[in-house]
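Asker: Predicted model, plus sequence, below.
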Amino acid sequence: MKTNDKRQGFTIIEVVLVLAIAGLIFLVVFLALPALQRSQRDTQRKSDLGRFMSQLNNYQSNHQGNIPTGTGSGAWDTAFVTPYLTNNGQTFNDPQSASTYTVNVVGSTIPATAPTVATSNIYVYTNARCDATATSGLNTGNGTRSVAALIGVEQGGTYCQNN
């Protein structure tokens, strides 16, 4: 009488193959994760710049259409950032460094080339508007009440928004 002496289970090749496939899946996920995180932080920065411009419109509504005065780093902090962006316990921080954004008011001089903007800085140009066709990404605005704000993004370049 013949006996069926086959053993049940997996061969070593099958186990190694399954582990190799699982390893490849984990590798792909871990390689894609940093890019997804950068993209998420850039999306947050763009949202923060939108909030900045929205609050600037609120400021203008409360001050007969005028924008805050002064140039340089910190010039708008007392008049605008503190009362409009960080009131009631709200934060206005860069998503990567968790430090407060630095608002740099450059003034009305449009640069010849695209400015380099750090991700934790917001550059404000008065009497300016965003213009993707211009070399600097900016063009002259519609008067002293127009503002273009730039923020750096990790994926490269800057993001610009008008009021």
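Answerer: Ah, there it is.
Asker: Every contact and neighbour count from this point should use C-alpha atoms.
Answerer: Fine.
Asker: could you say what helices and strands the helix-or-strand element of the chain with minimal mean pLDDT packs with?
Answerer: Least confident helix or strand of the chain, by mean pLDDT, DSSP states H and E, is strand 72-73 with a mean of 72. Secondary-structure packing of strand 72-73 (3 or more Cα pairs under 8 Å, 6 or more residues apart in numbering; DSSP states H and E): strand 102-107.
Asker: what does the following helix or strand past the strand it packs on rub up against?
Answerer: Per DSSP states H and E, the first helix or strand lying C-terminal to strand 102-107 is strand 121-126. Under the criterion Cα atoms under 8 Å, 6 or more residues apart in numbering, residues 49, 101-110, 117, 141, 144-152 lie in contact with strand 121-126.
Asker: thinking again about what came up before, okay, now the sheet partners of the least confident helix or strand of the chain, with direction.
Answerer: In the sheet, strand 72-73 lines up against strand 102-107 (antiparallel) (DSSP bridges).
Asker: hmm, who's touching the strand it pairs with?
Answerer: 70-77, 120-127.
Asker: now that strand against strand 121-126, angle please.
Answerer: Counting by axes from the mean of the first three to the mean of the last three Cα atoms, to 10 degrees, strand 102-107 lies at 20 degrees to strand 121-126.
Asker: just how off-centre is strand 102-107 within its chain?
Answerer: 17 Å (Cα atoms, centre = their mean, to the nearest Å).
Asker: Kindly report the same for stretch 12-19.
Answerer: So, by Cα atoms, centre = their mean, the centroid of stretch 12-19 is 44 Å from its chain's centroid.
Asker: can you check stretch 50-66 too?
Answerer: With Cα atoms, centre = their mean, you get 21 Å for stretch 50-66.
Asker: Mind listing what's buried along it?
Answerer: By 16 or more other Cα atoms under 10 Å, the buried positions in stretch 50-66 come out as Gly50, Phe52, Met53, Ser54, Gln55, Leu56, Asn57, Tyr59.
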